[in-house]
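Asks: here's a sequence, model it:
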Amino acid sequence: MSLGFKAISVILVAAFPCLVVAAHRDLTFEERVRAQEAIERVYYAHQIGATRPFEEAVPRAILERKVRTYLKESLALERLWGAPVTATALREEWERIARSTRMPERLEELHAALGHDAVLIQECLVRPVLVHRLVRLAFASDRAIESDLEAAAKWSPETPVGRGVDADEQRAWETFWERVEDDLDTGQMRAVASTEVAVTLALPTCSATDTWAPIPVAPNSPRRRDLHTAVWTGNLMIVWGGVLREGDVWHPTSTGGRYDPVLDAWTAVSSVSAPTARFFHTAVWTGTLMIVWGGEGADIENTGARYDPVADSWAPTSMVNVPLPRAGHSAVWTGSLMIVWGNGPQADPRSGGRYNPSTDTWAPTSLLNAPAPRYSHTAVWNGDLMIVWGGNGSGVVRNSGGRYDPVADAWLATSVIEAPTARQDHTSVWTGEAMVVWGGNGAGGDTNTGASYDVSADAWTPLATTGAPEGRHRHTAVWTEEMMIVWGGITGFSYGVVQDTGGRYDPASDTWSATATAGAPAGRYVHSAVLAGALMLTWGGSILPGGWSTDDGGEYCICAAATYHQDADGDGRGDPNVSVQACSPPAGFVADGSDCDDTDAAVWGTPSEAQDLVWLDGDTVSWTPPVEPGGAVVVYDLLRSEAAADFGAGAACAESDLPSTNAVDPTTPGSGAAFFYLVRAESRCLVGGQGPLGWASDGTPRTGRLCP
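Replies: Next up is the predicted model:
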């Protein structure tokens with residue numbers, strides 16, 4: 001069992017009786033497409049910065065293509081390699097996912113979206129993960145297929161292959177698949193999933209604070225590299241580019257991989273129309289796309305591309321008005337623009353550009369009052385300004401910086417009074433209130449000092465050094481809403497010490513605490529790190545001082561995570577379908593996930609029972625409001641019936657949508673008869689807004705007609 005992970009047995013058949021379904025059940029293509037839509041809706045609900053309607057972001061054509069792809073991959077395993085997917089294989093893969101998921105709460109969301117239906121879960125969620133891995137394993141093990149498909153050697157999932165996928169292998173796979181996929185008839189595929197399955201679900205990954213677990217290395221995970229980029233989409237860590245280093249031998253790459261911690265699985269990034277191989281480039285996540293730009297490969301680049309992870313497709317960035325080539329620059333995302341700045345060996349290195357992905361257009365950044373030229377600096381976005389600081393320019397290490405306003409296209413310098421000492425290869429994070437700079441290499445070597453920069457006051461405050469990690473450079477840092485986590489890096493250069501240590505800095509108390517080393521990945525530098533809820537995912541990097549790339553990583557549990565729900569309407573209750581795992585509630589999120597309509601602050605749930613029905617006089621009946629109203633606006637229906645047991649067909653609506661807790665009913669029963677009354681409370685809850693009518697003496701709930 002991996003450190004930081006515990007497991008608890010959950011028999012899904014017992015927990016969710018709907019898992020027991022008819023034997024030998026098959027699925028139509030349309031059923032699979034609907035299941036794919038349900039899966040994609042869960043993922044899209046967690047996608048950071050997503051603003052487009054789901055139907056626009058994930059059109060029907062993409063859903064159908066995803067379904068056809070995994071069906072064709074399944075058929076390829078059967079027809080080309082004689083290795084059909086079996087019910088046992090699906091069950092074992094589901095067990096693996098349920099056992100090793102890093103986000104069990106989100107896996108349960110996916111189960112719920114599929115109705116806890118064992119067949120749908122195995123056939124539509126588990127099968128794509130399994131066949132994506134196996135079909136590429138089969139291809140990589142059977143290179144004879146390139147020359148003679150009929151003579152392809154038999155393959156089994158146990159066939160050993162090398163780990164990682166390089167650019168040639170990825171292109172070979174894509175060329176092969178283009179040749180064979182049209183001949184694979186998805187209509188020939190039948191569901192084989194078992195209808196009764198028991199699995200073991202993991203407890204929340206971050207049930208233990210300050211612990212590490214490995215990120216798996218799989219045959220389809222990215223080949224080893226460093227100086228790459230990584231972004232977190234809310235669902236996936238996307239790794240791209242970089243260089244495979246073995247001492248003085250450098251091999252830039254144009255490949256990438258997507259790691260899904262929910263399914264604990266890697267998938268390859270398409271190489272079709274991908275940028276050329278490069279390192280020292282930049283990448284940002286826009287809410288829909290990963291934008292890669294610049295860097296160094298065969299040449300210094302000013303090309304780039306937009307990657308859509310839903311469609312697994314690339315589109316180039318415009319070359320009109322594009323900044324001149326550069327590497328070792330910086331990039332930030334403003335919410336609408338990618339701003340690149342700095343190190344342009346073929347240009348004024350103070351120059352930069354503003355790229356709008358919506359229009360695929362570039363505009364330059366002003367040179368007036370821009371900071372002095374530099375590279376190996378940092379840049380953060382504070383919601384209004386890009387703040388650039390530190391770095392090396394023409395051999396001069398800097399402790400200066402600038403604040404850039406993209407709306408005004410104007411620069412202001414950052415104060416140097418009490419600024420940190422000059423440095424390069426340091427890290428900076430934006431906390432929501434300040435920019436925190438730490439570490440790096442300067443005239444005195446590697447440092448473990450830092451400072452907090454207040455943008456509005458243009459003032460610096462030094463950080464405490466007690467308990468801080470050892471000085472280093474080329475480390476990583478992430479901000480968690482409460483603290484800065486720094487990890488890895490190198491102290492010294494060619495004969496330096498590669499670090500597997502780190503620190504947690506709390507700006508509220510100006511204190512440091514060390515990160516655990518037990519279970520941590522091997523020390524590394526020029527790696528990547530992204531914040532994924534309550535996890536820090538770190539991957540790749542160089543593990544030797546002279547440069548030796550790796551292809552593994554680790555998941556660091558920052559805190560004992562809790563689930564927080566998006567509260568879009570600000571009523572203090574969140575959307576049960578949109579949640580994050582985090583150490584504390586991010587802005588706009590709350591712990592309560594009971595809101596039935598997160599677009600309306602006046603409604604959040606189903607009202608409880610209205611009670612204490614009494615007559616105030618001969619015509620006026622009164623009652624008390626629900627203990628749990630379910631909304632700021634509650635109305636009532638008063639039902640009247642001549643039969644105590646019939647408030648359905650035989651009942652009348654004495655009042656409908658009444659805003660007060662009393663009503664006048666002058667109607668009188670016939671001679672020798674009686675009237676019986678019930679009150680139902682209602683809110684505007686889109687689902688279940690009608691409260692209960694109470695319970696009969698035997699404990700069964702009362703039912704009644706619906707009023708207009």
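Asks: for N343, give me the pLDDT.
Replies: Looking at N343, its pLDDT is 88.
Asks: check whether it really touches L324, as I assumed.
Replies: No. Under the criterion of Cβ atoms under 8 Å, N343 lies out of contact with L324, with a separation of 10.9 Å. The way it works is simple: take the backbone N, C-alpha and C, and place the C-beta from them, glycine included.
Asks: pull out the buried positions in the lengthiest helix in the chain.
Replies: What stands out as the longest helix in the chain, according to DSSP state H, is helix 60-81. By 16 or more other Cβ atoms under 10 Å, the buried positions in helix 60-81 come out as 62-63, 66-77, 79-81.
Asks: which SSE is immediately downstream of it?
Replies: helix 87-100 (DSSP states H and E).
Asks: angle of that following helix against helix 60-81?
Replies: Using axes from the mean of the first three to the mean of the last three Cα atoms, to 10 degrees, the direction of helix 87-100 lies 120 degrees away from that of helix 60-81.
Asks: put the alpha carbons of helix 87-100 into PDB.
Replies: What follows is the C-alpha trace of helix 87-100 in PDB, where atoms were taken according to Å, rounded to 0.1, in the frame of the first residue of the first chain:
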ATOM      1  CA  ALA A  87     -15.200  -9.400 -18.400                       C
ATOM      2  CA  THR A  88     -12.300 -10.400 -16.100                       C
ATOM      3  CA  ALA A  89     -10.000  -7.800 -17.600                       C
ATOM      4  CA  LEU A  90     -12.700  -5.100 -17.200                       C
ATOM      5  CA  ARG A  91     -13.300  -6.100 -13.600                       C
ATOM      6  CA  GLU A  92      -9.600  -6.200 -12.700                       C
ATOM      7  CA  GLU A  93      -9.100  -2.800 -14.300                       C
ATOM      8  CA  TRP A  94     -12.100  -1.300 -12.400                       C
ATOM      9  CA  GLU A  95     -10.600  -2.800  -9.200                       C
ATOM     10  CA  ARG A  96      -7.200  -1.200 -10.000                       C
ATOM     11  CA  ILE A  97      -8.800   2.200 -10.600                       C
ATOM     12  CA  ALA A  98     -11.000   2.000  -7.500                       C
ATOM     13  CA  ARG A  99      -8.000   0.900  -5.400                       C
ATOM     14  CA  SER A 100      -5.400   3.400  -6.700                       C
END
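Asks: any idea how far the helix or strand just after it is from the chain center?
Replies: Using DSSP H and E, the helix or strand that directly follows helix 87-100 along the chain is helix 104-113. When distances are taken as Cα atoms, centre = their mean, to the nearest Å, helix 104-113 is centred 14 Å away from the chain's centroid.
Asks: would you mind getting the angle between helix 104-113 and helix 87-100?
Replies: 140 degrees.
Asks: residues of helix 104-113 that come out buried?
Replies: Buried residues in helix 104-113, counting neighbours by 16+ other Cβ under 10 Å, are found at 104-111, 113.
Asks: just the closest of those to A230, please.
Replies: Using Cβ to Cβ, R106 is the member of the buried residues of helix 104-113 that lies nearest A230, at 19.7 Å.
Asks: so which helix or strand of this protein has the lowest pLDDT on average?
Replies: Of all the helices and strands that make up the chain, strand 7-10 has the lowest average by mean pLDDT, DSSP states H and E, namely a mean of 27.
Asks: break this protein down into its domains, please.
Replies: By the record's domain assignment, the chain is partitioned as 7-194, 377-463, 561-595, 600-708 (automatic domain parsing).
Asks: what's the spacing between A696 and A644?
Replies: 9 Å (Cβ to Cβ, to the nearest Å).
Asks: cool, G444 as well?
Replies: When Cβ to Cβ is applied, the distance between G444 and A644 equals 89 Å.
Asks: I'm done for today, thanks for sticking with me.
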